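>>> Have a look at this fold, sequence not included:
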Ligand code: NI
């Protein structure tokens, strides 16, 4: 499932993030790429352990933590500490690849994250650059994603994807992965659909309606059946 999660960051948080990104020292994006994807990858990235990265991670994780739709869609168990990249000039694209299935958390004493869901959070506006679309291959063909600043796309970690060359300006984004409490994309999607429809139903017929209570129970019982906490 590809999902557009809106308004993860506020305008104020985006301004703070941009100030930090502007003064940060960027490095080669290949630092976190596998052998195969390193050949396709041509962008810049902030060092994983820098002070700027840590400050930016606080902002992004704060936005995620208060976002109910993100939680409902991703059912996160472990979130990889967000990374930050920049595309532009001569370091402007990332060809087709699949992300590594398992990521070690930097400084995490061997703690690992299975990358069930890939996330890209856009940190500047689509008008700031030409190109730079995230192209995600799915069963319906390649989906092109270029979102407003502060918005995020979630897509299955299993997807082949790429970033189109940025031919004007700079594209700034945060990217990371998460391990979900529900491993299957299909099951996660079903739960998300059900939760979304239940929220609609609650607002139209109220919390105490017998049907709402029953279906909420069914949601939780499905989740209980599939969840791994
Ligand atoms: Ni990738």
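Received, thanks. Just so it is clear, the structure is predicted and the values come from calculations on it, not from any experiment. Numbering: from 1, shown residues only.
>>> Need phi/psi at the nearest residue to residue 216 once chain neighbours are set aside.
The shortest distance from residue 216 to any non-neighbouring residue, by Cβ to Cβ, 6 or more residues apart in numbering, is to residue 198 (6.2 Å). C-beta coordinates here come from the backbone N, C-alpha and C atoms, glycine included. Backbone geometry at residue 198, expressed as degrees, to the nearest 10, gives phi -60, psi -40.
>>> Residue 218 versus residue 198, what's the distance?
Note on residue 198: its distance to residue 218, by Cβ to Cβ, to the nearest Å, is 9 Å.
>>> And for residue 12?
Distance from residue 12 to residue 218, by Cβ to Cβ: 40 Å.
>>> ok, now which ones touch residue 151?
4, 5, 6, 7, 8, 121, 122 (Cβ atoms under 8 Å, 6 or more residues apart in numbering).
>>> Can you classify residue 135 by secondary structure?
Following DSSP: H, G, I helix; E, B strand; the rest coil, residue 135 is assigned to strand.
>>> which residues pair with it across the strands?
residue 144, residue 162 (DSSP bridges).
>>> Likewise for residue 83?
residue 175.
>>> Poorly predicted segments of this structure, please.
Judged against pLDDT under 70, the chain has no low-scoring part.
>>> helix, strand or coil for residue 218?
helix.
>>> Nearest residue to it in space, please, no chain neighbours.
Going by Cβ to Cβ, 6+ apart, residue 218 has residue 194 as its nearest residue, at 7.7 Å.
>>> The one you found: how many residues sit nearby?
For residue 194, the count of nearby residues is 17 (other Cβ atoms under 10 Å).
>>> Verify the contact between it and residue 220 for me.
No - applying Cβ atoms under 8 Å, one finds residue 194 not in contact with residue 220, separated by 10.3 Å.
>>> In contact with residue 62: list those residues for me.
Going by Cβ under 8 Å, 6+ apart, the list of residues near residue 62 reads residue 13.
>>> cutoff 10 Å now
8, 9, 10, 13 (Cβ atoms under 10 Å, 6 or more residues apart in numbering).
>>> Just send those residues back as CSV, with distance to residue 95, secondary structure and neighbour count too.
Listed next are the contacts of residue 62 as CSV, based on distance: Cβ to Cβ, whole Å; DSSP: H, G, I helix; E, B strand; the rest coil; neighbours: other Cβ atoms under 10 Å:
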residue, distance to residue 95, secondary structure, neighbour count
8, 27, coil, 23
9, 28, coil, 24
10, 34, coil, 13
13, 31, helix, 18
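>>> and residue 186, how many neighbours does it have?
10.
>>> heads up, I number from 480, so please use that
OK, 480 is where the count begins now, so the last one is residue 665.
>>> quick one: secondary structure of it?
Residue 665 ends up helix, using three-state DSSP.
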